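> what's the 3D shape of this:
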Amino acid sequence: MIRLPEQLMFIRNGRAEQKHSEESMTGKLCVITGASSGVGYESMKALAAGGADIVMVIRNQKKAIAIKDEIEKKYSVRVDYFIADFSDLRQVEKAAHAINEQYPRIDVLINSAGIHSTKRVLNNDGVELVFCINHLASFLFTKLLLTKMTDSSPSRIIQINSEGHRFSTVHEEDINWNRRRYTGLRGYGASKTAQLLTVWQLAEELDSTGVTINAMHPGGVRTNIGNNNGRLYRWFLHHVTWHFLKDAKISGDAVYYLASASELRETSGKYFNLTIEEKVAEHALDRNKQKIIWKLSKQMTGLDRDR
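Have a look, this model is predicted:
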């Protein structure tokens, strides 16, 4: 068998037989962002089937009510929700504070909210939208819940990342793409690279706390990411691209494994392609860049100020 270079093993890993867990999640509380569709939705179903209670963070209240009713009836678990648009960091902060106040513990945090944009778009604060939603919002949300998760330890954080991080490094001097030509793949790659760089830093800071943090690529699966783009893009996504992708259930099964498997109790600071540990792109391992993006992320989210 031909041995692929280490950096290309993601091609084989995505096709490999995956690991599974049948360990119960009964009595656990799982907080999931981006739970209305795709990877977040399938992860929620898998965890609820395993007995976990769910807290969804979702943009649309009508969807939230319908999903809450569906999951509670089917799996007989408790499902709560909080409304927050991850393009607005003030809403992210408000949701995190509300969760901290309402729940005595958090066992698992899954950051699944994400976006892909073919065009450069700025949010209301003038921050490039993909970078804000894919990285800054999950960074802020995670940091604000860390004290609760440390008090609840052992607990686990799973960042839904992507092989898309291989498309681009992150340029801290031009986060908003004011001086460079924006493309969807490069913007997406930069946001996912930034997320990985902060995952490594968080893993170091959480060492010996009982809280683990890992990142995962959810596989080449059918999701609604990209539905915010134009009509032609959406048509191509649903009528062409989807034919080459797998059911997102495989992502939910993989998240369940990462969230529940006993053998991962102390595993932290790793990247998984579904359930298989994998090496990330070299630019996502840059220690100097890690420190820079950590500092920048704290500044952009206001975490460098006294709260």
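
> residues making contact with stretch 202-213?
By C-beta atoms under 8 Å, 6 or more residues apart in numbering, the list of residues contacting stretch 202-213 from outside reads 142, 146, 149-150, 153-159, 199, 264-269. Using the backbone N, CA and C atoms, a C-beta is placed for each residue, glycine as well.

> what are the C-alpha coordinates of it, in PDB please?
The C-alpha trace of stretch 202-213 is given here as PDB (Å, rounded to 0.1, in the frame of the first residue of the first chain):
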ATOM      1  CA  LEU A 202      -6.300  26.500  25.600                       C
ATOM      2  CA  ALA A 203      -5.100  22.900  26.000                       C
ATOM      3  CA  GLU A 204      -1.900  24.200  27.600                       C
ATOM      4  CA  GLU A 205      -3.800  26.500  30.000                       C
ATOM      5  CA  LEU A 206      -6.300  23.800  30.900                       C
ATOM      6  CA  ASP A 207      -3.600  21.200  31.700                       C
ATOM      7  CA  SER A 208      -4.300  19.500  35.000                       C
ATOM      8  CA  THR A 209      -7.800  21.100  35.400                       C
ATOM      9  CA  GLY A 210      -9.700  18.100  34.300                       C
ATOM     10  CA  VAL A 211     -11.000  20.000  31.200                       C
ATOM     11  CA  THR A 212      -9.900  18.700  27.800                       C
ATOM     12  CA  ILE A 213     -10.200  20.500  24.500                       C
END
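
> number of nearby residues for the residue lying closest to Lys270 once chain neighbours are set aside?
Distance criterion C-beta to C-beta, 6 or more residues apart in numbering; nearest residue to Lys270, sequence neighbours excluded, is Asn214 at 4.9 Å. A total of 21 residues lie near Asn214 under the criterion other C-beta atoms under 10 Å.

> Doesn't Asn214 belong to a strand?
Yes - assigned with DSSP: H, G, I helix; E, B strand; the rest coil, Asn214 falls within a strand.

> so where's the stretch 101-250 of the chain uncertain?
Residues of the stretch 101-250 of the chain meeting the criterion pLDDT under 70: 219-248.
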